[in-house]
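Visitor: here are the coordinates; sequence isn't available:
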């Protein structure tokens, strides 16, 4: 589907750039504490959901990590 959206816009089917953002989420009570963490910069705990999209908006990847995992470590990019 993403490939068709990009081709409709006159772009290559494969994106060459991406945008990443994260959002803090409170884990449910039944989630083990070992999978949660503390983000000292934002002063929040539990988990972060990370979303990577291409320049047109279609989702490339979604990942949920402990809040203590930094963006570089979560996505493998700098």
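Guide: Sure thing, it's come through. Since the model is a prediction, treat every value here as computed from it, not as a measurement.
Visitor: Just give the nearest non-adjacent residue to residue 69, would you?
Guide: Nearest non-adjacent residue to residue 69, counting by C-beta to C-beta, 6 or more residues apart in numbering: residue 37, 6.6 Å away. C-beta here means a position set from N, CA and C on the backbone, and glycine is covered the same way.
Visitor: Revised request: answer the last question for residue 60.
Guide: The spatially closest residue to residue 60, leaving aside those adjacent along the chain, is residue 52, at 4.6 Å (C-beta to C-beta, 6+ apart).
Visitor: That neighbour contacts residue 18, doesn't it?
Guide: Yes: using C-beta atoms under 8 Å, residue 52 makes contact with residue 18 at a distance of 5.0 Å.
Visitor: Which neighbours do these two have in common?
Guide: Here residue 52 and residue 18 have residue 60 as joint contacts, going by C-beta atoms under 8 Å, 6 or more residues apart in numbering.
Visitor: moving C-terminal of the lengthiest strand in the chain, what's the next helix or strand?
Guide: Criterion DSSP state E: the longest strand present in the chain is strand 44-53. Next along the chain after strand 44-53, taking DSSP states H and E as the criterion, comes strand 59-66.
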